[in-house]
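*Asks:* structural data only, the sequence is not supplied:
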């Protein structure tokens, strides 16, 4: 089919009002949107950026949003309030990344003495305002969709936006990393090299990035649906891993996600 | 197969063989990559993994240096030629939908790969035949087209591996059928034979000499020894009936504790064919999918239909509106195994297992299907279901034709009837269905509800993204159609007897055409009762048309709703309350369409009124994508709902009806 | 209007009773013809009589959301029991309205209970039949609650 076609699958219509917000996070996921160099210009034909601190200095008009991307976990009271304001003006709210979706690496502090951690980490802890736990967005407001990963995958982000524009379900598959790994023809690092790999229980979307480079998946996309985490943990131990190492394997960027948390506490 | 004559090929002549193959083909053979032996391009004998051996066990594969053999040190790795003939991700067609509502579809043709497969084993050849049967039955031409000009230089295994059991499945170790050349490795040379004309042509150019006297006997003995040296064994006899009869065997729960439902087994299996499709739209001009290594380019705003490997272990595989039919790992593992070594036989006339052992080695937790099968054989219960396999479909390349919407009629708040002009759908039968599609949105199976003034009608309820988009179409818009598909209502078997039609909700749509035919032919259908249940009076479909049918003295209408305002004068209550001696006359035949639970109660009530299972037909619903039996998603035990159904005689499906996870 | 044995046998409730028992029932039953639109009893009414539908059609409706409009959830037909909560001396939980001219058998709740008390064999047969009929109705209500024709169908 020729490239000279007129119109687009999304049809004509008003632009989608987009807001991008951050809570406790490193900005890496927002930057994935900016790194969509080839598509960014095409996107702006369909999307009006209402609020995006990393991309525009234009002031937020405060109006309703069609699509809202939220990065980061809720780590302070101010973030909780900000999140509620954002939710109130959003039609479709999507969490982007491990922090917003599962609490992030900062959730490692959960269940520990925050006061003590503050004293150890900061010279002047008195200036640090923090909640006892770092929690995912969905613990505070309803979430319409989640993009996983640390950081999120650019392709999945574009797929989400494209699907929203076309009015279809995003083709973001809740399957294991193994499915992607095998589709791309990688040799299983767990079977062929004995690497401890979280791929079998981890949500796909990264394109099996780590196994492609010969190392085991560390689960930054978080657990897939029905993740059989205990069965994988049992296999790690059967292959000679000690219990403490096994627990730590599940306690990383998405360690606060219930399925991984359970295994890291078992 | 012409009579093969054994020759000798000196090991030093392996390079000559590769060079000769390379004159006409790309040679792909065993290569060491990332700790395993996979298929890769081979340009010289030195590329082959000479002196490597693979130590395989459940969930374990390690390459080690041992010996001097070129092929005999190892067996199969995670890769197989499946990937080349049935790519993990391929674009079936590109498509566009313009602002004026017009659509277009452009097929992406599969081109022959011209690959010479060096070192494929008997199990790989068998797997290609098994895959061939699947796609041939569905009329899908691409996989065969890709392999049509390939050469297969096979190796008979004299040293089977720890996980091999092709002797049990009858697919090895001796390579022959499907091969162009067959090598058997010996210490100093290869025995070589050419079962095909193409193989003979290659052989003629090689520095071979006749094999020594006794070579035949040596080969027979070596193969017999190999059969006895298999690391695994499975008793395959009677498995379809045994597995289907043991769906509640405790072993399923036990294996579900260990299984990760990750899909590794199905991905390495050389015969697993389940796939799914995606309908991405390019935001900017970009390569959207790969076909045989090259990206398919589409323009900005254009769409593509992409097919990718799926697995019965994923949640989405058995997804139906509202949730998956197989939420548990138990149900998913059971689906895989009962299909692979069970219902496959009814579907394609052969087992789906070729005894290669890949699923055992590459299962990250080392689940061994030979152990599982042995455990499941220990138990009670057998179930044989009738085989419904029919002639293969023809030319089903899965590419839609353009059709025009010539009318839209709103039936209720969320139900619309689309009138579509399409020559492709002419000649459909009552109860058949179509795949309707919109570029960039997706495809959905929709039943045909009749034909009027040359337009085919589809009554659609907008529940998902695709059906909502279809419901939003306007006169003059275009869409894609494929079909008609499936087995419809048994109009002949219904002739001469009273017919009770029981419909629930949108389930009236697939029955409408059958009803029209029966209402219009009182001589063939002397007494017709329609018993119809809807949610509310506003949800009653085709109300005007049904009132018109009442003019015929042989037609009786019984309508009930789940709830209504006081102004409703009709019945309120479940549909089964309307089934009595009056609406179900003696000797009646019944056809049913509605939610499965409604059909379950209806069949029960009909049974009490003396209608046996053999005189009841039901229409089943499962997740359908390809509609041709090649995507593997709509399986109901040995049946594909899309091809063997959607209409089934109830006695054929009773045993599976309401069975959790099926 | 007098009540015949044939009419009494129409009722699922009395289907298993013998000639003599039906005589007793005929003595306490009256037959009624009611026209479309007639309300037999209304939601919230005190317990009154018990009915059996012999012909026609009666709809049961309930006011939902503080009486703004009614939702009807069941029609009763030939042979079916109506107004059974009266036997439990409970107030009416639904409004019964005739939608197709109906012939009804009507029993004073205390008369029927008395008859059951006097002869426990008869009482047991009637209660058992009522139990079965209500069990079916409960089952049907559950299926209706599934909202199976809805989008999650």
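*Replies:* Received the coordinates, thanks. Quick caveat, the model's predicted, so the values are computed rather than measured. Numbers count the residues shown, from 1 in each chain, chains lettered A, B, ... in the order given.
*Asks:* spatially central residue in chain C, please.
*Replies:* Closest residue to the average C-alpha location of chain C: residue C:82 at 1.2 Å, with C-alpha atoms, centre = their mean.
*Asks:* thinking it is in contact with residue C:50, fair?
*Replies:* Yes - contact criterion C-beta atoms under 8 Å: residue C:82 and residue C:50 qualify, at 7.4 Å. In this view, the C-beta of every residue, glycine as well, is placed from N, C-alpha and C.
*Asks:* low-confidence ranges in chain C?
*Replies:* Along chain C, the model assigns pLDDT under 70 to residues C:1, C:65-68, C:151-153.
*Asks:* just the strands in it please.
*Replies:* Ranges of strands within chain C are C:29-34, C:39-41, C:49-63, C:70-76, C:81-82, C:95-108, based on DSSP state E.
*Asks:* for residue C:142, which of the ones you listed is the nearest?
*Replies:* Across these, residue C:142 has its closest neighbour in strand C:70-76 (12.3 Å, C-beta to C-beta).
*Asks:* buried residues, that closest one. List them.
*Replies:* Residues of strand C:70-76 classed as buried: C:70, C:72, C:73, C:74, C:75, C:76 (neighbour count, 16 or more other C-beta atoms under 10 Å in any protein chain shown).
*Asks:* now stretch B:412-428
*Replies:* By neighbour count on 16+ other C-beta under 10 Å, the buried set for stretch B:412-428 is B:412, B:414-422, B:424-425, B:428.
*Asks:* turn the residues you listed into a markdown table, including pLDDT.
*Replies:* A markdown table is the format used below for the buried residues of stretch B:412-428 (pLDDT from 0 to 100):
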| residue | pLDDT |
| --- | --- |
| B:412 | 90 |
| B:414 | 90 |
| B:415 | 95 |
| B:416 | 96 |
| B:417 | 97 |
| B:418 | 97 |
| B:419 | 97 |
| B:420 | 97 |
| B:421 | 96 |
| B:422 | 94 |
| B:424 | 94 |
| B:425 | 94 |
| B:428 | 95 |
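*Asks:* can you name the two of these that are farthest apart?
*Replies:* B:412 and B:424 (28.3 Å).
*Asks:* where does pLDDT dip in the stretch 1-150 of chain A?
*Replies:* Judged by pLDDT under 70, the stretch 1-150 of chain A has its weakly predicted residues at A:1-13.
*Asks:* hey, where'd the strands end up in it?
*Replies:* Assigned by DSSP state E, counting those that start in this stretch, the stretch 1-150 of chain A shows strands spanning A:16-22, A:47-52, A:65-71, A:90-96, A:145-147.
*Asks:* do the stretch 201-350 of chain B as well
*Replies:* For the stretch 201-350 of chain B, the strands defined by DSSP E, counting those that start in this stretch occupy B:209-210, B:275-278, B:286-291, B:294-298, B:303-309, B:319-320, B:323-324.
*Asks:* over to the stretch 501-650 of chain B?
*Replies:* Going by DSSP E, counting those that start in this stretch, the stretch 501-650 of chain B shows strands at B:528-534, B:555-561, B:571-572, B:589-593, B:616-619, B:635-636, B:639-640, B:647-649.
*Asks:* if you count contacts, what does the fifth one end up packed against?
*Replies:* Of the remaining helices and strands, those touching strand B:616-619 by 3 or more C-beta pairs under 8 Å, 6 or more residues apart in numbering or on different chains; DSSP states H and E are strand B:589-593, helix B:596-608, strand B:647-649, helix B:650-653.
*Asks:* ok, and what's touching it?
*Replies:* Residues outside strand B:616-619 that contact it (C-beta atoms under 8 Å, 6 or more residues apart in numbering or on different chains): B:431, B:489-490, B:507, B:510, B:589-593, B:599, B:603, B:606, B:645-650, B:653, B:657.
*Asks:* average pLDDT for that strand, rounded please.
*Replies:* Averaging pLDDT along strand B:616-619 gives 97.
*Asks:* do stretch B:452-460 and chain A come into contact?
*Replies:* No - Stretch B:452-460 does not reach chain A (C-beta under 8 Å from any C-beta of the partner chain); its nearest approach is 15.5 Å.
*Asks:* before we move on, back to that, kindly provide the distance from the residue nearest to the centre of chain C to chain A.
*Replies:* Computed as C-beta to the nearest C-beta, to the nearest Å, the residue C:82 to chain A distance reads 45 Å.
*Asks:* now swap in residue C:52 and tell me
*Replies:* Taken as C-beta to the nearest C-beta, the span from residue C:52 to chain A is 51 Å.
*Asks:* how many other residues sit next to that residue?
*Replies:* Residues lying near residue C:52 (other C-beta atoms under 10 Å in any protein chain shown) number 28.
*Asks:* chain center to the longest helix seen in chain B, what's the gap?
*Replies:* With secondary structure taken from DSSP state H, chain B has its longest helix at helix B:122-138. Here helix B:122-138 is found 13 Å from its chain centre; the criterion is C-alpha atoms, centre = their mean, to the nearest Å.
*Asks:* tell me which other helices or strands that helix touches.
*Replies:* helix B:82-85, helix B:142-147, strand B:151-155, helix B:166-169, helix B:344-348.
*Asks:* ok, which of these comes nearest chain C?
*Replies:* In terms of C-beta to the nearest C-beta, the element of the helices and strands packed on helix B:122-138 nearest to chain C is helix B:344-348, at 28.2 Å.
*Asks:* quick check: mean pLDDT of that closest one?
*Replies:* 95.
*Asks:* residues making contact with that helix?
*Replies:* Contacts of helix B:344-348 (C-beta under 8 Å, 6+ apart): B:130, B:133-134, B:137, B:240, B:350-353, B:385, B:387-389, B:629, B:638-640.
*Asks:* try 10 Å
*Replies:* Applying C-beta atoms under 10 Å, 6 or more residues apart in numbering or on different chains, the contact partners of helix B:344-348 are B:130-134, B:136-137, B:236, B:239-241, B:244, B:271, B:338-339, B:350-353, B:384-389, B:629, B:632, B:635, B:637-640, B:643-644.
*Asks:* buried among those residues? Need that as a selection in ChimeraX.
*Replies:* Buried residues within the contacts of helix B:344-348, by 16+ other C-beta under 10 Å, are selected in ChimeraX with:
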select /B:130,131,132,133,134,136,137,236,239,240,241,244,271,338,339,350,351,352,353,385,388,389,629,632,635,637,638,639,640,643,644
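*Asks:* ok, now how distant is residue C:95 from chain A?
*Replies:* Per C-beta to the nearest C-beta, residue C:95 is found 39 Å from chain A.
*Asks:* doesn't residue C:64 make contact with that residue?
*Replies:* No - look at residue C:95 against residue C:64 with C-beta atoms under 10 Å: they stay out of range, at 11.9 Å.
*Asks:* I'm done for today, thanks for sticking with me.
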